[in-house]
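# coordinates only, sequence not included:
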């Protein structure tokens, strides 16, 4: 059964990448509006850290 899951998830990989890119862009725009003289590199680091933390929480909630 795991093989079936792997095959299926491969079908969605590009869509997932597109969704994550859109999510990062959403928060980039929000930070640009909210923070004067925003440092995009610093913002990107903060966004990715927050996304990793959120993903870990959701993973824990669903799998644990």
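That came through fine. The shown structure was predicted, so the numbers you read here are calculated from the model rather than taken from an experiment. Numbers count the residues shown, from 1 in each chain.

# and the helix or strand of the chain at the bottom of the mean pLDDT ranking, what does it pack onto?
None of the helices or strands of the chain scores lower by mean pLDDT, DSSP states H and E than helix 2-34, at a mean of 93. Where contact means 3 or more C-beta pairs under 8 Å, 6 or more residues apart in numbering; DSSP states H and E, helix 2-34 is packed against helix 40-63. All C-beta atoms are positioned from the backbone trio N, CA, C, and that covers glycine.

# Tell me which residues touch the residue nearest in space to the middle of the chain, please.
Nearest to the mean C-alpha position of the chain, counting by C-alpha atoms, centre = their mean, stands residue 20 at 4.4 Å. With C-beta atoms under 8 Å, 6 or more residues apart in numbering as the criterion, the residues that contact residue 20 are residue 51.

# before we move on, the earlier item: buried ones in the least confident helix or strand of the chain?
Neighbour-count burial for helix 2-34, counted by 16 or more other C-beta atoms under 10 Å, picks out 27, 31.
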